[in-house]
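**Q** Next one to model:
(chains A and B)
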Number of protein chains: 2
Amino acid sequence: MELIDGTRISNNKRTRLKEKIDKIRLETGKVPGLATILVGNDHASQIYINSKIKACKDVGIKSFHYNLDLNTSQANIINLIKNLNKDSSIDGILLQLPLPYNQNARNCINAINPLKDVDGLNPFNVGLLNISKNWDEIVKNNIFVPCTPLGIMNLLHLSNIIINGKTTIVIGRSNLVGKPLSTLLLANNATVIMAHSKTKNLQKLCKIADIIVIAVGKPKFLDKNFINDGVVIIDVGINRITNKICGDVNIDLIKDMKITITPVPGGVGPMTITMLLENTLKAFNINRTKK
Amino acid sequence: MELIDGTRISNNKRTRLKEKIDKIRLETGKVPGLATILVGNDHASQIYINSKIKACKDVGIKSFHYNLDLNTSQANIINLIKNLNKDSSIDGILLQLPLPYNQNARNCINAINPLKDVDGLNPFNVGLLNISKNWDEIVKNNIFVPCTPLGIMNLLHLSNIIINGKTTIVIGRSNLVGKPLSTLLLANNATVIMAHSKTKNLQKLCKIADIIVIAVGKPKFLDKNFINDGVVIIDVGINRITNKICGDVNIDLIKDMKITITPVPGGVGPMTITMLLENTLKAFNINRTKK
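**A** Have a look, this model is predicted:
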């Protein structure tokens, strides 16, 4: 079993990001700014937001945090977003999900200016990604791509894993991971199998794949029965079992196999926040060009 | 071999459309309006446009045709689109593709008001489709879906072909057909394999599929080697060979097999224009509600 070291790749990227932002600050006196919005006080969301704010600080991005009351109105959230859209010190806007059950997350996300949409969830950006013909076009046109799938593509590219012409399976069809990742793999010339809870022959389909991406949130779901030697596995799951974190892959059962895999923790996870930082710098560069 | 009669299904739909539009005209004195834009004088495009204009007339949609000079500037095309966006007698805007080689089709499509985008190609609509969680949400939210894939979904639904839980393969990844169709099949709970020119094991993948959709524009490409008995095949190809039209499937070689297939001509083709008419009525209803 060979591990893809997401922590190391992520740290390298953050070091380079910090250098770039230092240079920008020295040359222009400005730094990218990221606004984070948390509605309510969910404990897990607060931990995520804190990691994001800390990561911003570490690379020199200025963060502006807004914690709205659990009972705030949707109009209040959208008003805040509209003000941040206009604020020239804010390059990226991140709305921490999930929102409290009584809020319509979609209406709020749709209000984010697509040029500040560092999470890549606004329909306009989702559409731009979907119609892009290949990876070069995505990069060249500065399309905002959701952070987790973008992190996965970076892990694959930087680990020199060939995607072109390979058969890949993406298990899970969320708007945050599965769907955009399928689009990205396709843009990299992979054949893509989109699988999910209604898929009937999952073991068989996994066994014909060169690359398996699993994002279902079911601890230790994927075991030997799904896997052939030689496969690359990207484990997006972050599941908590009695204070320990594990992925969607039962890694204990397959560690003797000849596979390449992202560990949990230390695989996809660290890349997600790093991509948020990169997207914020990208937004800064786009907005600076437009000013 | 059982045929899916696209002409019959399409004619039924147009009859019902005409009834609906007649009723609207009697009740409100208004009818839906579709603007068609043709740049240049490409013969095939002219034939397509003429069919669309005739189909509009047949069901009572008022059409407004704009034929711009081959050498017109992009600014001219976009100006026309912007005027049509504002024109309250125009509910839908269709830009006939492909544009002449010197034009950037994407810039023109992006100028179309998403609420008049009856081809469903504006990035905002592509994104709305992509993030929709299921078919009900697509219908309920009045998402504009590109006409050919929407026609295919109608053919499958109206032929009582079960999609939920089935393994499907879509061969071809265009923005007009392959990509939106994959999204629609996924929204109908199919497992979707997205295949294309870089796919290496196409025969094997087709043989595990319950439904094969082929849209590659290669006459008679799909033959016995790709097909098991019991499969449903949707042939999107429209290829001209010595004045005869044939699909992407070599139907002569498989006609003794136990399969269900859309013929060419008379399968997917007739549905595409019918979906354009339905999308125009939908745009009329949306715009009327907003007024």
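
**Q** Could you show which parts of the stretch 51-200 of chain A are in contact with chain B?
**A** Taking C-beta under 8 Å from any C-beta of the partner chain, the part of the stretch 51-200 of chain A that reaches chain B is made up of A:106, A:121-128, A:130-131, A:164-165, A:167, A:173, A:175, A:179, A:182-183, A:186, A:189-196, A:198-200. Backbone N, C-alpha and C define where each C-beta goes, glycine included.

**Q** what's near enough to touch A:Asp210?
**A** A:166-168, A:230-232 (C-beta atoms under 8 Å, 6 or more residues apart in numbering or on different chains).

**Q** what's the most distant pair in those residues?
**A** Based on C-beta to C-beta, the longest span within the contacts of A:Asp210 runs between A:Thr168 and A:Gly230 and measures 13.7 Å.

**Q** which of these two has more neighbours?
**A** A:Thr168 (24 against 10; other C-beta atoms under 10 Å in any protein chain shown).

**Q** Might one say that that one is in contact with A:Cys206?
**A** No - A:Thr168 sits out of contact with A:Cys206 when judged by C-beta atoms under 8 Å, with a separation of 10.5 Å.

**Q** residues bridging contact with those two, i.e. touching both?
**A** Overlap of the contact sets of A:Thr168 and A:Cys206 (by C-beta under 8 Å, 6+ apart) consists of A:Ile212.

**Q** which one among the contacts of A:Asp210 gets closest to chain B?
**A** Nearest to chain B among those: A:Thr167, at 6.6 Å, using C-beta to the nearest C-beta.

**Q** What is the burial count for the closest one?
**A** The tally of other residues near A:Thr167 (other C-beta under 10 Å) stands at 21.

**Q** Kindly confirm whether my reading is correct that it touches B:Lys198.
**A** No - with contact defined as C-beta under 8 Å, A:Thr167 and B:Lys198 do not form a contacting pair (10.6 Å).

**Q** Overlap of the contact sets of those two?
**A** The contact sets of A:Thr167 and B:Lys198 overlap at A:190-191 (C-beta under 8 Å, 6+ apart).

**Q** what helix or strand is the residue nearest the centre of chain A on?
**A** The residue lying closest to the centre of chain A (C-alpha atoms, centre = their mean) is A:Thr148, at 1.8 Å. Using DSSP states H and E, A:Thr148 sits in helix A:147-158.

**Q** Quick check: mean pLDDT of that helix?
**A** Here helix A:147-158 scores 98 as its mean pLDDT.

**Q** Now the element after that helix, going C-ward?
**A** That would be, after helix A:147-158 and using DSSP H and E, strand A:167-171.

**Q** who does that following strand touch, helix- and strand-wise?
**A** helix A:178-187, strand A:191-195, helix A:202-207, strand A:211-214 (3 or more C-beta pairs under 8 Å, 6 or more residues apart in numbering or on different chains; DSSP states H and E).

**Q** if we go to 6 Å?
**A** On a contact count with 3 or more C-beta pairs under 6 Å, 6 or more residues apart in numbering or on different chains; DSSP states H and E, strand A:167-171 meets helix A:178-187, strand A:191-195, strand A:211-214.

**Q** May I see those arranged in TSV, with mean pLDDT as well?
**A** Formatted as TSV, these follow (pLDDT from 0 to 100):
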stretch	mean pLDDT
helix A:178-187	98
strand A:191-195	98
strand A:211-214	98
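
**Q** Comparing these, which comes out most buried?
**A** strand A:191-195 (a mean of 28; mean count of other C-beta atoms under 10 Å in any protein chain shown).

**Q** Run through the strands of chain A in chain order.
**A** Remark: strands assigned in chain A by DSSP state E are A:2-3, A:33-39, A:62-68, A:92-95, A:167-171, A:191-195, A:211-214, A:232-235, A:239-241, A:244-246, A:260-261.

**Q** Out of the ones you listed, which gets the lowest mean score?
**A** Least confidently modelled of the strands of chain A is strand A:239-241, at a mean of 90 by mean pLDDT.

**Q** Give the buried residues for that strand.
**A** For strand A:239-241, the neighbour count (16 or more other C-beta atoms under 10 Å in any protein chain shown) marks A:Asn239 as buried.

**Q** so what strands line up beside it?
**A** According to DSSP bridges, strand A:239-241 forms sheet pairs with strand A:244-246 (antiparallel).

**Q** Contacts for stretch A:280-291, please.
**A** For stretch A:280-291, contacts defined as C-beta atoms under 6 Å, 6 or more residues apart in numbering or on different chains pick out A:32, A:34, A:61, A:91-92, A:115-116, A:118, A:142.

**Q** tally of neighbours for A:Ala35?
**A** Residues lying near A:Ala35 (other C-beta under 10 Å) number 26.

**Q** Okay, and the beta partners of it?
**A** With DSSP bridges as the rule, A:Ala35 is bridged to A:Phe64, A:Ile93.

**Q** residue contacts, it?
**A** A:64, A:84, A:90, A:93.

**Q** now, which of these sits nearest chain B?
**A** Closest to chain B, out of all of the contacts of A:Ala35 and judged by C-beta to the nearest C-beta, is A:Ile93, at 17.1 Å.

**Q** count of neighbours near the closest one?
**A** 28.

**Q** Of the strands of chain A, which is nearest B:Lys52?
**A** The nearest among the strands of chain A, by C-beta to C-beta, is strand A:191-195 at 32.5 Å.

**Q** Summarise which helices and strands the closest one is packed against.
**A** Here strand A:191-195 touches strand A:167-171, helix A:178-187, strand B:191-195, going by 3+ C-beta pairs under 6 Å, 6+ apart.

**Q** Tell me how chain A divides into domains.
**A** Listed by automatic domain parsing, the domain ranges of chain A are A:31-113, A:130-268.

**Q** Out of the ones you listed, which is the most enclosed?
**A** Of the domains of chain A, domain A:130-268 is the most buried (mean count of other C-beta under 10 Å), at a mean of 20.

**Q** about what we covered before: so which of the strands of chain A gets nearest B:Ile214?
**A** strand A:191-195 (14.5 Å).

**Q** in its sheet, what does the closest one sit against?
**A** Strand pairing (DSSP bridges) places strand A:191-195 next to strand A:167-171 (parallel), strand B:191-195 (antiparallel).

**Q** Next, the angle helix B:178-187 makes with it.
**A** Angle of strand A:191-195 versus helix B:178-187, following axes from the mean of the first three to the mean of the last three C-alpha atoms, to 10 degrees, is 20 degrees.

**Q** So what touches strand A:191-195?
**A** A:167-171, A:182, A:185-186, A:202, A:205, B:186, B:191-195, B:199.

**Q** same deal with stretch A:251-261?
**A** Under C-beta under 6 Å, 6+ apart, the answer for stretch A:251-261 is A:1-2, A:223-224, A:229, A:231-233.
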